[in-house]
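Peer 1: missing the sequence, but the structure's below:
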């Protein structure tokens, strides 16, 4: 099987799973998976599609600059530029960007800190961190309607083969060495966000929450 | 394929997707799709059906006044009159009306303002608005058990090929140039409503939410 | 097709729909559908089954007193006695009893009033009530571990072919002339409960909710 | 059919049901089912798999000490040691461990009490307790990154063929005589947790909740 077909199917499976959770409201979100290293090419979601459906035009192959690498009449997602930063600066193999109510809430509650910090949660082991009382941090950057400006700011926080960034009121972008790792980390972050939102609601209720 | 069959299938697909989200509790909600322009005809949901099921009587063809355009023993949805206002005053191709807990809550919290206003949310791009800090507004009108009275008030807020109105404690009505656009906008509004309900709950909790 | 088979299939379909909403946690809940009037027989859920699964032993036929009307090694649900009260006192054709977090919360918040009252909600039309500002009331009775005692108290509130009762911290029982009506009313009540729980949470937040 | 195949299928079915509720975020959770008594062997989830998928490597057979009982290239779940304590000390036939937001919240709110106590809820009958006003208690133990330390503390609370323990910010572990019972109890606990979280949120709202 061609590597492009294999990667297409892998990304389609991730898309279907995230769509089943309704994480692509109003055609939001975008996904990509690396196909070749030299030259760098990756499959990225076409712009403006309903990601709950599966079609032959869901993805297109693009080059290191995010330009179509083949003849096609579909356009790459408007935010493909952020994906190019990740593939250009790291060895990541997959990038997932989704909007959820809870990731938007967390991005807003902690916007002034420039990051959200979580600790004391077993699910943190999903990040491969096994120490007692480990902390995980996710940077929160300002949103910007100008994609090049946003991508430049975003790129400053891209420095490992796996990682994640929250964009203020604009969802989370997670990357990993492969689709499995990217999805695992995405799920771990979303669990932490939902947990923290409920904790914030309850802390007001003056129950004795730890920390 | 006949245009009626094509439009029937298109509307059936939207109905199935919204039913999967459980947006038709207790047979609530109604949907329609335009079939012909001259004379104006559209398919609209039959009254009182369980919209989680798919049957041969889910929709019926009606004319510009909302009267059956063919022999049928099913009745058009009681609120078909609101759909006729949209097709009569705009070039909309599809109308979706659903009840959710969150759209009812928002319609109540902001009833006195006569509208709900949202800004600072990336999902607003789903409305085709790309400016920095864009605001979107949805009018909120009083509910009325008398459908002609309700339709007359509703008609005052129908002035574009895409749009949306909240009826107080009675759900949202969204229209678009086609089913794809109407559903995309519906999802964007519901995301904004759920986000704002959680923000209201948290603001009370005195966390530093951006305005 | 035998009437028993037809009614079995009808009840199985309702069971599957409610199970899809996860309304039968921990084997809770019970359902029944009337099969014959003279003598009175009805199909009722067998005791202790996982209602997310579909098997040949999901239901059994019982008589007016709730005793098996055929040879069987399964037992009727422990609360079949409540169903016999409904079929004995009304012309109802179907009875649905489910536990949800929200119906338990509402049964507790308003327990001291002996009823919960809802108004100003369009979904109330699902009960066939079309007046402006209609009110609907659901009685709330004390729970009792002794089923005959519970059934006796329950029977006092059974006086129409459609109706509903909340048992304190023990779920809702809804009945209707047929399965369609019973399910429609159940969905309308659950929508009202979820709406009211969110309103209670927000009222504390001092947002200007209409009464 | 071989007993191993039969038990494999039984555990696979439970895994699929819990996965459908999204109770395995980020590859969290682990499950097991006893296969033979003498010598003791059980099937346990392989480490690090995405439990929303079904594969031929989802489980592996292990012995009383949690070591692979057959040649295999997959590893048992890191927390298999906790399962060995249950099978070693009781006649349990199935063990389920899942992370949910609500079980984490409850484990935190009541951590200082060393247990969470529930009463006045009909769903408690799922535990086979039929008395009026029955109470159920679930111990809450400290989490520990060192699995042998955690397992030793855990083992102190394992003293019946059915039971459950909450690990602070690390999910619930439930066991039962068979998969059916373990799943029923797990669902009952999760219902109680979700109910209690909503009660805590509302109690702050000063509504007259029964104690």
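Peer 2: Arrived safely. Keep in mind it's a predicted model, so treat the numbers as computed, not measured. Numbers count the residues shown, from 1 in each chain, chains lettered A, B, ... in the order given.

Peer 1: could you see whether chain C lies near the helix or strand containing residue A:6?
Peer 2: In the assignment (DSSP states H and E), residue A:6 maps to helix A:3-20. No - against chain C, helix A:3-20 shows no contacts by Cβ under 8 Å from any Cβ of the partner chain, the least distance being 13.7 Å. For the C-beta atoms, the positions are set from N, CA and C on the backbone; glycine is no exception.

Peer 1: roughly how far is that helix from the heart of the chain?
Peer 2: 15 Å (Cα atoms, centre = their mean, to the nearest Å).

Peer 1: which other helices and strands contact it?
Peer 2: Contacts defined by 3 or more Cβ pairs under 8 Å, 6 or more residues apart in numbering or on different chains; DSSP states H and E place helix A:3-20 against strand A:30-37, strand A:40-45, strand A:59-63, strand A:94-98, helix A:179-203.

Peer 1: now tabulate these in CSV and tack on mean neighbour count and mean pLDDT.
Peer 2: Formatted as CSV, those follow (neighbours: other Cβ atoms under 10 Å in any protein chain shown; pLDDT from 0 to 100):
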stretch, mean neighbour count, mean pLDDT
strand A:30-37, 22, 98
strand A:40-45, 23, 98
strand A:59-63, 21, 97
strand A:94-98, 26, 98
helix A:179-203, 22, 96
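
Peer 1: for residue C:28, which of these is the nearest?
Peer 2: Ranking the helices and strands packed on helix A:3-20 by proximity to residue C:28 (Cβ to Cβ) places helix A:179-203 first, at 24.1 Å.

Peer 1: starting at the chain centroid, how far to that closest one?
Peer 2: Its chain's C-alpha centre and that of helix A:179-203 lie 13 Å apart, by Cα atoms, centre = their mean.

Peer 1: that one relative to helix C:179-203, how many degrees between them?
Peer 2: Per axes from the mean of the first three to the mean of the last three Cα atoms, to 10 degrees, the angle that helix A:179-203 makes with helix C:179-203 is 60 degrees.

Peer 1: ok so, going back, which among the helices and strands packed on helix A:3-20 is found nearest to chain B?
Peer 2: Nearest of the helices and strands packed on helix A:3-20 to chain B, taken as Cβ to the nearest Cβ: helix A:179-203 at 5.7 Å.

Peer 1: that closest one and chain D, any residue contact?
Peer 2: Yes - Helix A:179-203 comes into contact with chain D (Cβ under 8 Å from any Cβ), by way of A:180, A:183-185, A:187-188, A:190-191, A:194-195, A:198-199, A:201-202.

Peer 1: can you pull the contacts of residue A:187?
Peer 2: Applying Cβ atoms under 8 Å, 6 or more residues apart in numbering or on different chains to residue A:187 gives the contacts A:126, D:25, D:26.

Peer 1: please repeat the previous calculation with a cut-off of 7 Å.
Peer 2: By Cβ atoms under 7 Å, 6 or more residues apart in numbering or on different chains, the contact set of residue A:187 is D:25, D:26.

Peer 1: and it, how far is that from residue A:200?
Peer 2: According to Cβ to Cβ, to the nearest Å, residue A:187 and residue A:200 sit 21 Å apart.

Peer 1: next one: residue A:136
Peer 2: Here residue A:136 is placed at a distance of 18 Å from residue A:200 (Cβ to Cβ).
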